[in-house]
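Novice: Need coordinates for the below:
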Amino acid sequence: MQQLFRAAVRPVTYSRWVHLCVPVLMLAVWMFIERDTPWMPLLLVIPLGLLPWMRLAEGLQAQFLLAPHDRDADGGRFSTVASRHWGDRWRTLLWLEIRLLLSVVTVGASVVLPVATVDLIRVGVDGPLVDDSILPFTPPSWAAWLLAPVPLFLLIGLVILLGKVVTSIGRRLLGPSSAERLTALEARTEQLLERTRIARELHDSIGHALTVAVVQAGAARAAGDPEFTDRALSAIEETGRAALEDLERVLLVLRDSGQRPSQRPTLAEADRLLASARASGATVDAELMGPLEQLTGPVTQEGYRILQEALTNVLRHCGPVPVRVRIGMVADRLDLEVINPLPDKPSVTAGGGGGSGSGLRGMRERAALLGGEVDTGPHRGDWRVHARLPLERIR
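Specialist: Now for the predicted structure:
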């Protein structure tokens, strides 16, 4: 009883009632034209159901009237596009036929049951019944008052039941087809991949900038040299400005979901990373071999981020230590190697633990997307990051 009361006060119950009653308008118009063939609307809906745009119209009606607050991961349980295949058209036609039949039942009950209540009230006040009364018998006056609300309760119960039935049928017949679900799933997967990539972008860019700022500030305070402090502040300013540019670019992509990230830094700008590491006090021995500026977009962009994350880990976990950087094209791949001394207190992320930090995982994921690989771990007494990115996969 409590569930029935809750359903009776829900607005969606009455929006479904409206949805059920609408098709009878077509029947009423036909009955005004031709009374002898009331079944003709069942045939007239056949050509309508085969029209591609009818599925769109019915889907929108169902979405707003049958389940206005019901959404799933794909944005809704009803298809809101025109029919693309004959299977969709036949399902739409079947839906129209079922909807018309349920509409006749709903409107009939909506007329008959309230009239029955009026007749019972008339009996209760000792009023005479008209000849066309729908009551099968005339109850006593006291019983008429007790029975008067019953038809209305039956009507509400019937509307709730038919509303659930038509909604369930609508989800089956007007729900997204297999092709539509596959398209929505592909779009959702692409969106999740884009968000993951943006998260990596922010982690690498902002993490590098903050690491450089912390190291520079600590070194300046420890040195107590005004000239060194001035250089440190300049490095912090330059690194922070670059991070703000990256942040603004990523936020622009988030605001406009249809826009692809552009102007991402590449290995042609590797000198900026090396200069930032040197300004933090690290001694960087760099060797850049080959025409890095001619590398294709994905390889050089992901290579830049791998180098950035490797240098960030060095500064974060080891401080300003000597670093050897080797970048070059070997045969059909790009080799990137960053070697630094192991920290005094090895950490999982950068120095000889399991290598399960988010930074190392991000580097491996970037390389894997290009068909390459990244090896990290102790190497001849040092810590080494060695990335190999194939070139032929991107050409």
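
Novice: ok, which stretches of the stretch 51-200 of the chain are helices?
Specialist: Using DSSP state H, counting those that start in this stretch, the helices found in the stretch 51-200 of the chain span residues 52-65, 86-124, 141-147, 150-173, 178-223.

Novice: So which of the ones you listed is nearest Phe5?
Specialist: Phe5 lies closest, by Cβ to Cβ, to one member of those: helix 150-173, at 9.7 Å. No exception for glycine: its C-beta is placed from N, CA and C like everyone else's.

Novice: what angle separates that closest one from helix 52-65?
Specialist: Orientation check (axes from the mean of the first three to the mean of the last three Cα atoms, to 10 degrees): helix 150-173 against helix 52-65 gives 130 degrees.

Novice: Please compute how far helix 150-173 lies from its chain's middle.
Specialist: Relative to its parent chain, helix 150-173 has a centroid offset of 32 Å by Cα atoms, centre = their mean, to the nearest Å.

Novice: can you list the weak-confidence ranges in the stretch 101-250 of the chain?
Specialist: 127-132, 178-180, 182-187, 190-191, 193-194, 197, 201, 246, 249-250 (pLDDT under 70).

Novice: Let's see that with 90 instead.
Specialist: Applying pLDDT under 90 to the stretch 101-250 of the chain picks out residues 101, 104, 111, 115-148, 171-250.

Novice: tally of neighbours for Arg77?
Specialist: 20 (other Cβ atoms under 10 Å).

Novice: returning to that earlier point: could the helices of the stretch 51-200 of the chain be laid out in TSV, adding mean neighbour count and distance to Arg388?
Specialist: Shown next, in TSV, are the helices of the stretch 51-200 of the chain (neighbours: other Cβ atoms under 10 Å; distance: least, Cβ to Cβ, whole Å):
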stretch	mean neighbour count	distance to Arg388
helix 52-65	19	50
helix 86-124	18	48
helix 141-147	14	85
helix 150-173	17	50
helix 178-223	16	19
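
Novice: Nearest to Thr296, out of these?
Specialist: helix 178-223 (17.3 Å).

Novice: Downstream of the closest one, the next helix or strand is which one?
Specialist: Scanning forward in sequence from helix 178-223 by DSSP states H and E, the next helix or strand is helix 226-255.

Novice: Report all helices and strands that that next one contacts.
Specialist: helix 178-223, helix 270-279 (3 or more Cβ pairs under 8 Å, 6 or more residues apart in numbering; DSSP states H and E).

Novice: what angle separates it from helix 270-279?
Specialist: 140 degrees.

Novice: sorry, back to before: now the helices of the stretch 51-200 of the chain as a markdown table including distance to Ala331?
Specialist: Supplementary listing: the helices of the stretch 51-200 of the chain in a markdown table, determined by distance: least, Cβ to Cβ, whole Å:
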| stretch | distance to Ala331 |
| --- | --- |
| helix 52-65 | 54 |
| helix 86-124 | 52 |
| helix 141-147 | 93 |
| helix 150-173 | 57 |
| helix 178-223 | 28 |
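
Novice: hang on, isn't Glu112 packed against Ser133?
Specialist: Actually, residue 112 is Val rather than Glu. No: the criterion here is Cβ atoms under 8 Å, and Val112 misses it with Ser133 at 11.4 Å.

Novice: Is Ile327 in a helix, a strand, or coil?
Specialist: On the three-state scheme (DSSP: H, G, I helix; E, B strand; the rest coil), Ile327 is labelled strand.

Novice: partners of it in the sheet?
Specialist: Leu288, Leu336 (DSSP bridges).

Novice: What is the neighbour count of it?
Specialist: Other residues within reach of Ile327, judged by other Cβ under 10 Å, total 21.

Novice: ok, it touching Asp271?
Specialist: No: Ile327 lies out of contact with Asp271 (Cβ under 8 Å); the separation is 11.0 Å.

Novice: Out of the helices of the stretch 51-200 of the chain, flag the one nearest Asp332.
Specialist: Asp332 sits nearest to helix 178-223 of all the helices of the stretch 51-200 of the chain, at 25.0 Å, using Cβ to Cβ.

Novice: Check whether Arg55 really touches Thr92, as I assumed.
Specialist: Yes: look at Arg55 against Thr92 with Cβ under 8 Å: they come within range, at 4.5 Å.

Novice: and for these two, which residues touch both?
Specialist: 83, 174 (Cβ atoms under 8 Å, 6 or more residues apart in numbering).

Novice: ok, now how distant is Lys95 from Arg278?
Specialist: Residue 95: Trp, not Lys. Counting by Cβ to Cβ, to the nearest Å, the gap from Trp95 to Arg278 is 70 Å.

Novice: Asp285 in helix, strand or coil?
Specialist: strand.

Novice: now the residue nearest to Leu50 when sequence neighbours are not counted: how far from Ser177?
Specialist: Distances taken as Cβ to Cβ, 6 or more residues apart in numbering put Arg89 closest to Leu50, at 5.0 Å, once the chain neighbours are dropped. Plainly put, Arg89 is 11 Å away from Ser177 if you go by Cβ to Cβ.
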